[in-house]
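In: what follows is a predicted structure for the sequence shown.
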Amino acid sequence: MPKTHKLEPGRPFRLNDIPTSGKQHHPDRESAEAEFRTLRSEFVELQRRFYADGERKLLIVLQAMDAGGKDGTIRKITRGVNPQGVRVTPFKAPSKEALAHDFLWRIHKAVPGKGMIGIFNRSHYEDVLVVRVHEIAPEAVWRPRYAQINQFEKLLTDTGTTILKFYLHISKEEQKERFQARLDDPTKHWKFSVDDLRKRKYWDDYMAAYEEMLRQCSTDWAPWYVIPADQKWYRNLAISRVIAQTLRDLNPQYPEPGNDLTGIVVE
Ligand code: ATP
Ligand code: MG
């Protein structure tokens, strides 16, 4: 059985001890890419049934440091999927209207309805990450959010949503290389912001914030997966394995027709 990288709730860990390289899990890029393509085809077929079935809801949450690969993951894993059944929501700094509400208000509006797969590019977890590291709100505000998030996710799972949360774990060195690649390639300049460099200076604080949010919010109903993400090919494979297995377990079915269709002839 391949490793799923699921963070078992309650099991002690240190983020620093979890490798960012996937090479020890799968040394061979070519076979990883071949398996990934097979899994993606399976995902396309399962999503077709999931959408037709129209009963279940799947929420995929992606979190990572800048250049951690959230955009690339979404682009790669959803290729070929019926866009009507998938909704990607990026969460940037909250608007004035969002800030006038509780932090989950804008999140709740974006969760998937029946038959839909929702993908969050960043999420409510920013409210215990960037907000904590840069002291956008005091601890008295962000600390209770771990419990609030767990309760919110419990509400979602109790009402029929399956939640998968992936933290794309890259090394500080890998982030440097990806930033440099963005700077060296004019077609990638748009992806780069000087603010990314400012946040990079807080790397250790971010790691501490990530570690605590993973510890506090990997629950039985909505576990976190810590994906070694230095190699994009391993990241894609590991994530698509979890998604495919989750959809297989959900086992969506094409619905029975409302009427008896036997013998009907189209004139
Ligand atoms: P890319 O990785 O491709 O650059 P991005 O998700 O970083 O995409 P940006 O527009 O560069 O998109 O950045 C969005 C910013 O919004 C991030 O720095 C993130 O930390 C910030 N953000 C998201 N949610 C919140 C929040 N609740 N409070 C404050 N800042 C937030
Ligand atoms: Mg950015």
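Out: Alright, I've got the coordinates. Ligands and ions are numbered 1, 2, ... in the order given.
In: how about the helices in the stretch 1-150 of the chain?
Out: 29-53, 70-77, 96-99, 105-108, 130-133, 139-142, 145-158 (DSSP state H, counting those that start in this stretch).
In: and ligand 1, which of these is closest to it?
Out: helix 130-133 (3.7 Å; C-beta to the nearest ligand atom). Every C-beta, even on glycine, is put in place using the N, C-alpha and C of the backbone.
In: how about residues contacting that closest one?
Out: 136-137, 139, 141-142, 199, 202, 205-206, 209 (C-beta atoms under 8 Å, 6 or more residues apart in numbering).
In: find the closest residue to ligand 1 in the stretch 101-250 of the chain.
Out: Glu126 (3.3 Å).
In: how about the residues of the stretch 101-250 of the chain near ligand 1?
Out: 122, 126-127, 130-131, 136, 191, 193 (C-beta under 6 Å from any ligand atom).
In: make it 8 Å
Out: Within the stretch 101-250 of the chain, the positions adjacent to ligand 1 are 103, 121-124, 126-127, 129-131, 134, 136, 191-193, 195-196, 199 by C-beta under 8 Å from any ligand atom.
In: can you tell me which of those are buried?
Out: Restricting those to buried positions leaves 103, 121-124, 126-127, 129-131, 191-192, 196, 199, with burial counted as 16 or more other C-beta atoms under 10 Å.
In: out of those, who's nearest Leu183?
Out: Phe192 (6.1 Å; C-beta to C-beta).
In: pLDDT wise, what is Arg132 at?
Out: Note on Arg132: pLDDT of 98.
In: no, scratch that, I was asking about Gly258
Out: 87.
In: what is the burial count for it?
Out: 6 (other C-beta atoms under 10 Å).
In: quick one: it is in a strand?
Out: No. Counting by DSSP: H, G, I helix; E, B strand; the rest coil, Gly258 is not part of a strand but coil.
In: pretty sure Asp66 sits against Arg198.
Out: No. Applying C-beta atoms under 8 Å as the test, Asp66 and Arg198 come out as separate, 10.1 Å apart.
In: show me what counts as buried in stretch 242-254.
Out: Of the residues in stretch 242-254, 242-244, 247, 250, 252 count as buried by neighbour count, 16+ other C-beta under 10 Å.
In: now, which of those residues lie within helices?
Out: Among these, DSSP state H puts 242-244, 247, 250 in helices.
In: hmm, back to that, for the helices of the stretch 1-150 of the chain, give me CSV that also has distance to Met116.
Out: Putting those into CSV (distance: least, C-beta to C-beta, whole Å) gives the following:
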stretch, distance to Met116
helix 29-53, 8
helix 70-77, 15
helix 96-99, 22
helix 105-108, 14
helix 130-133, 27
helix 139-142, 30
helix 145-158, 13
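In: to Lys3, which of the ones you listed lies closest?
Out: helix 29-53 (13.0 Å).
In: tell me what the closest one is packed against?
Out: helix 70-77, helix 232-250 (3 or more C-beta pairs under 8 Å, 6 or more residues apart in numbering; DSSP states H and E).
In: can you list contacts of stretch 180-198?
Out: By C-beta under 8 Å, 6+ apart, the list of residues contacting stretch 180-198 reads 66-67, 71, 179.
In: with stretch 8-24 instead?
Out: With C-beta under 8 Å, 6+ apart, stretch 8-24 has contacts from 7, 169-171, 174, 207, 210-211, 214-215, 218-220, 223, 226-231, 233-235, 237-238.
In: just the buried ones from those residues?
Out: Buried subset of those (neighbour count, 16+ other C-beta under 10 Å): 7, 169-171, 174, 207, 210, 214-215, 218-219, 223, 226-231, 233-235, 237-238.
In: now, which of the residues you listed lie within strands?
Out: 169, 226-228 (DSSP state E).
In: closest one of these to Gly85?
Out: Of those, the one sitting nearest to Gly85 (C-beta to C-beta) turns out to be Ile227, at 23.5 Å.
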